[in-house]
Structures are given as structure tokens and as C-alpha cells.
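S.K.: Turn this into a model:
(chains A and B)
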Amino acid sequence: MTTKTEALSGTRAREESTDRRLRRFGQDGQVLNAFSHGFLALWAFMIIFPLLWVVLGSFKTNAQIGDSAWAWPAHWSFDAFARAWSKGIGGYFANTLIVMAMSVTGTMLFGAMAAYVLARYKFRGNRVIYYGFVAGAMFPVYLALVPLFFQVNNFHMLNTYTGLALVYIAFSLPFTVFFLYAFFRTLPTAVHEAAFVDGCSHTRAFFQIMLPMAKPGLISVGIFNVLGQWNQYLLPVVLMQRQRGDTEAHQMLTQGLVNLLAAQGYAGDFPALFAGMTIAMLPVVAVYLSFQRQVQAGLTAGTLK
Amino acid sequence: MRLSKNLRKNLFVTAFLTCPIALYALFVLWPYLETFGYSLTNWSGLTPPTKFVGLQNYTELFGDSVFRSALWHNLLMLIVLPPVTIALALFFAFMLNAGGRAGAAGIRGVRGAAFYRIVFFLPQVLSVAILIIIFQEAYRSDSAGLLNGIAVKLGLTDAAHPLGWLANPNAVLWCILAILIWQWVGFYMVLFSAAMQSIPKEIFEAALLDGAKRGQTFLRLTIPLLWDSVQTAWVYLSIAAMDGFALVANLTQGSSYGGGPDYHSEVLATYLMRNFLTFGKAGYACAMGVVIFAITLLLSFVMLRFTRRDSVEY
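M.R.: Here you go, the predicted structure:
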């Protein structure tokens, strides 16, 4: 009993001393604090300000934009947004959604299937297949670009939504498999085994037991894939070109925006360009702000291990 | 008839793996491998590969002055991008997790940490097309550009003599590097934050009890404990430094895929694309791809091998 009290008072003494030291830690950092607060604020400003400045540009006139960086919109109208939409932003938007409806679904389905089998079943070649998938995440996409173009061409799928979606799926698989593999391994095996005892088939066990259990992981990697594919630039530039003079390229939103930018030389409609950018940015920023914890977790989880 | 248990398992495994492997092999693995094969031919990209030329593309490559300057630019980015980004990210992560006034509650992040975390990460979710538009405007070489506007306001220059930014051959590569740093710092800050949060607070508090100052805890505790994450970050940033395609191709001068003025911002990826799509030298472009591939592989290997330290268990 006495020892216990002694231990307790000892702890208390230590707590007090920690307290004092911690307070000193706070004080010796005051100069540093002022400096680092300033630096944090400056960095935040450097990110927000250019963004807002360009968004504000969609309400200015062309002349104002060319005249001074500090011009203020004379009247707030959404004309530029309407013009941007009529220049095809709406169409690019639709194209992107069509491709992503296919590619995100496919990525999640195939990624989960492969990851699950690799994580939960022993068979010959398991390791080879796993490392084969993971290795694909190590190299920049553009290394494979030249042959990829001809590969897609062989299947007559250049400038088609399906072709681009299949390529997106293929390039998203490494990370998806890598992430979900780790996730499936952490799930308890008991439920799964009980299901087999009850005569549940492998396929049913996957769709009705494992997928629901893996939901948090699926959401993280799903968000990662949505953002990654929404923002993809290089693949559509190469794969979604106009094939003959009489066809139109089925451009993605990023590609369309860059082309709109390139066309500035002739059209000279900067407000519409900025409005188009704002339209393209809004959905992503909305998704990010509403799911920011999951987005950050999903994006960094892959690089952590 | 009931199938045997083992057969059913094997059927299931095969069925589940067929589609993913087929897609991956067709559109990722095979093209990567083909890059090697085509690099030994004089393929134009239009007709099927015709002539085997051995290592000619490679020898030609190292006599190519544009290729050499592109390679040099990538190496320069490789030297600058990872350390600067990691240093900034570590500093911010430390501030957000342990930079605040410490009180009875122990060590805390600075006030507004949640806000900073959301904002710093924002560039990561913006499409590169959006970054291109923003920086095209920020770097405008007339006085209506954002940076020139600021420079004039600060009295660094006057409106009649705006700074060139991307049009200045000596500045253009640094302008591109600045965008990459701007874009990546938030991502690695979040990564390091996550790693820092998994370090038990008692370790810091013990160090403080021993009289450690804030700077010391950062250098002697945080960095060694985060070494694994720093290493990973270095590898991924090196890969990013070897790329830079979208920014250079769309922001800098030059007729196809940028690289100007006068090759001062040329990077390997832009030169590769120009050779492939504009000059019709697909075989040559593939040889370039193989060189980049080798460099990337070598770098990751060197980084992982020579920076290995005994990891600290906690």
C-alpha cells in the first residue's frame, strides 16, 4: 500500500515537472513561433490566392485581364460560364463521366477480385502475379506510351470511350491491387471460414461477405481512383485524338481545357477559359472538401508502406 | 455431380484473375516490354517496324545535344526537387503536429492546423490542366501577370519592364520546378503527418524532460523516426522529377511540346513525345524511354540501398 502511494506521488511529481518543461518548450519557441506561423500562413496564401485570382478572372472582361493583374470585375455576370459551356466544356464533362462510369467500376471490381484472390488464396504463382502488379506502379506512364498507342490501335479502340476506360483500368490496377491486398489481409478470417462451413460458394463469399467487410478500404481507394482518372491528362492526349478528318475527338475534360488554352491565341476569350477552369475544378474541390479525411488517407496510404 | 473442393477453388482463382491479368498484361506490361524491343529498330511509328538497327539509336542518343540537355535538366530537377520538397514538408508537418504552445495537455499542433492541412493538400486534387491555366496566368510575361503584378507593387520592377519568367531562358526551368514543389509539398506533409502521429507522444515528452529544445527534438527525434517515410518520399519525388511532361509541354515556348526558349526547359519526356508524334522517330523515342527506365530503376535502387539505416522500433 505504501509503495503504491509513493509511486503515485512520484508520478505526480513527474507530471508537474513535465508540465513545467513543456511550458518552457512553448516559451523558447516564441520567436520561432512567430516566424513559422508567418510561413504557414504565407504558404496557405500562395495556394489559395492564385486560385481565387483566376476564378475571379472569369467575371472580368478580356480587356481587363490583359490590362492589369489587379483589375476588379465591373459587373458580376455568368456570361463567361455560358460561353465556356457552349465551347464544349459540357461535352467534355459528359465524355469524362461516361469513361469514368466504366473505368472506375471496372477498376474497383477487377482490382478487388485480384487483390482478394492474391491475399486470401494459396496457389502457385501467387507471388509472381502480385509483384508483377505492384511493379507497374513504379514507372512513369509515358515510358509505355509509344507501344500502347499501337496496341490500342490494334484493337480499333483509339478515340473510343471503351478503349480509354480499359486503359485507365489497366493503369489503375497496380495501386488498387496493392492497396486492397493489404486491406484484405487485415480482415479477420473467422466469418469467411464460417461461411464456407455453411456451404457458401467462393464467389458468394466474396460478394456477400468480403466486399461489405472491405468497404472502408474500397472507399479510400475508390476516391483515389476517381481523382486520379478525373485528372488524367497524358493518356487521353495520346489515345483520344481525331482519327480522320471527318471525325471529332472524344476529348476528356482536362484535354479539352488545355486545348481551350491553346486556342486562346485565336479566340482571345480569357474569361471563358477561366470559367471553364472553374467549372472543371468545382466538382473535384467539392468531393475533396466533403471527403477530405478519406481522400488524404487514401492518397497517402499507398506510399506509406 | 459435385466438383471436388480443390477443383472448385482453382476454378474460382482462375476465374477471378483472368480479366485483371489480361487487361494489365495487354495495356501495361506488354507495352513496357515492347518499348525495349522497338528501341532496337528504326521504326517510324507509321509502318510496322522494319529494320533491326541494334544499338544505333542508343549511340545516336548520346551524341544528341538536345537529349543531353534534356537529361541534364531532369538530373537538375532530381537534385533540387526531392530535398527542397521534403524539407518543407517535414517542417510543415512538424509545425502542424508539434509546433503549438505546449501546455498541460502535452504537445499539440499550431492553431489552425486543420485548416492548413486542408489547404496545403489542395494542389494535389487539382488536375494538371488547371495548374497549367493558373500558372500560365501567374507567370505571364506582361505586366498583367500575377507575379509581375506583385513584383510591380513591391517595387521590384516597373510596369514598363515586366519580368520574363517562362520567357527567360535562365529562369524557365526554375519556374517549372517551383510549380512542382508547390504541388507536392502538401502531399508529403500529409504523409509525414500520418507517420508522426504514429510516434508515441511519450517519446517527445521524455526528450523534453531531458531538456531538449524544439529544434533538437525535430532533428534528433522526428527525422530519424520518420526515416522510412522520408526514403519513400525521396523515391517517389525522384520519379516525379524524371517526368514534368504536362507542365513543360503546355507552359513553355516551342512548337510541339514546348521545351523552349531554345531548349532551356527541355525534359526527357517532352523530347520523347516530340520524336514519337512529330518527328516520326518511334524507335528513337523508345530508346529514350529505355534510358529513362534504367535511370528510374537505378535511382530507386540506389536510394533504397545506400540510405538504409537501422529502423527504429517504437
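S.K.: CA only for contacts and neighbour counts going forward, please
M.R.: Will do.
S.K.: Return the set of buried residues in stretch B:18-36.
M.R.: B:20-21, B:23-29, B:31-32, B:34-36 (16 or more other C-alpha atoms under 10 Å in any protein chain shown).
S.K.: Flag the shaky bits of the stretch 1-150 of chain B, pLDDT-wise.
M.R.: B:1-3, B:46-50, B:99-109 (pLDDT under 70).
S.K.: where along it do the helices fall?
M.R.: Secondary structure of the stretch 1-150 of chain B (DSSP state H, counting those that start in this stretch): helices at B:5-24, B:30-38, B:56-63, B:65-98, B:113-125, B:128-138, B:146-153.
S.K.: ok, residues contacting the third one?
M.R.: If you take C-alpha atoms under 8 Å, 6 or more residues apart in numbering or on different chains as the criterion, helix B:56-63 is touched by B:39-42, B:67-68, B:283-284, B:287-288.
S.K.: Output these as TSV; include the columns neighbour count.
M.R.: Below are those laid out as TSV (neighbours: other C-alpha atoms under 10 Å in any protein chain shown):
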residue	neighbour count
B:Ser39	26
B:Leu40	21
B:Thr41	23
B:Asn42	19
B:Phe67	20
B:Arg68	16
B:Gly283	27
B:Tyr284	26
B:Ala287	27
B:Met288	25
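S.K.: Report the backbone C-alpha coordinates of stretch B:148-160 in CSV.
M.R.: The C-alpha atoms that make up stretch B:148-160 are tabulated as CSV, following Å, rounded to 0.1, in the frame of the first residue of the first chain:
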residue,chain,number,x,y,z
ASN,B,148,4.5,40.7,-62.4
GLY,B,149,1.6,42.4,-60.7
ILE,B,150,3.1,41.6,-57.3
ALA,B,151,6.6,42.5,-58.4
VAL,B,152,5.4,45.9,-59.6
LYS,B,153,3.5,46.5,-56.4
LEU,B,154,6.6,45.6,-54.4
GLY,B,155,8.7,47.9,-56.5
LEU,B,156,11.0,45.2,-57.7
THR,B,157,10.4,46.3,-61.3
ASP,B,158,8.1,48.8,-63.1
ALA,B,159,5.2,48.1,-65.3
ALA,B,160,7.2,49.0,-68.4
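S.K.: can you list contacts of that stretch?
M.R.: Residues contacting stretch B:148-160 (C-alpha under 8 Å, 6+ apart): A:68-70, B:138-143, B:162-163.
S.K.: Next, give me the two most distant ones among those residues.
M.R.: By the measure C-alpha to C-alpha, the contacts of stretch B:148-160 have their two most distant members at A:Trp70 and B:Leu163, which lie 16.7 Å apart.
S.K.: So for those two, which sits in the more crowded spot?
M.R.: Neighbour totals were compared for A:Trp70 and B:Leu163, and B:Leu163 leads with 23 against 15 (other C-alpha atoms under 10 Å in any protein chain shown).
S.K.: my guess is that one is in a strand, correct?
M.R.: No - assessed by DSSP: H, G, I helix; E, B strand; the rest coil, B:Leu163 does not belong to a strand; its assignment is coil.
S.K.: Next, count neighbours for A:Ala182.
M.R.: 16.
S.K.: Against which helices or strands is the one helix or strand it maps to packed?
M.R.: Here A:Ala182, judged by DSSP states H and E, is contained in helix A:161-186. Where contact means 3 or more C-alpha pairs under 8 Å, 6 or more residues apart in numbering or on different chains; DSSP states H and E, helix A:161-186 is packed against helix A:90-120, helix A:126-135, helix A:215-230, helix A:234-239, helix A:292-304, helix B:5-24.
S.K.: mind running it again at 7 Å?
M.R.: helix A:90-120, helix A:126-135, helix A:215-230 (3 or more C-alpha pairs under 7 Å, 6 or more residues apart in numbering or on different chains; DSSP states H and E).
S.K.: report the angle between the axes of the shortest one and helix B:5-24?
M.R.: With axes from the mean of the first three to the mean of the last three C-alpha atoms, to 10 degrees defining the directions, helix A:126-135 sits at 20 degrees from helix B:5-24.
S.K.: Equivalent analysis for the first one, please.
M.R.: An angle of 150 degrees separates the directions of helix A:90-120 and helix B:5-24 when computed by the same axes, to 10 degrees.
S.K.: The one residue sitting closest to the centre of chain A: what's it in contact with?
M.R.: Closest to where the C-alpha atoms of chain A average out (C-alpha atoms, centre = their mean) is A:Leu227, at 2.9 Å. Residues near A:Leu227 by C-alpha atoms under 7 Å, 6 or more residues apart in numbering or on different chains: B:Val125.
S.K.: ok, it to A:Ala280 distance?
M.R.: 12 Å (C-alpha to C-alpha, to the nearest Å).
S.K.: which regions of the stretch 201-314 of chain B sit below the pLDDT cut-off?
M.R.: B:307-314.
S.K.: Smallest distance to chain A belongs to which residue of the stretch 151-300 of chain B?
M.R.: B:Gly289 (5.1 Å; C-alpha to the nearest C-alpha).
S.K.: I'd say that residue and A:Val141 touch.
M.R.: No - B:Gly289 lies out of contact with A:Val141 (C-alpha atoms under 7 Å); the separation is 10.4 Å.
S.K.: tell me which element B:Trp174 is part of?
M.R.: Using DSSP H and E, B:Trp174 falls in helix B:172-197.
S.K.: and after that helix, which helix or strand comes next?
M.R.: helix B:201-209.
S.K.: could you pull out the helices for the stretch 201-314 of chain B?
M.R.: B:201-209, B:214-216, B:223-225, B:227-241, B:245-251, B:268-273, B:282-306.
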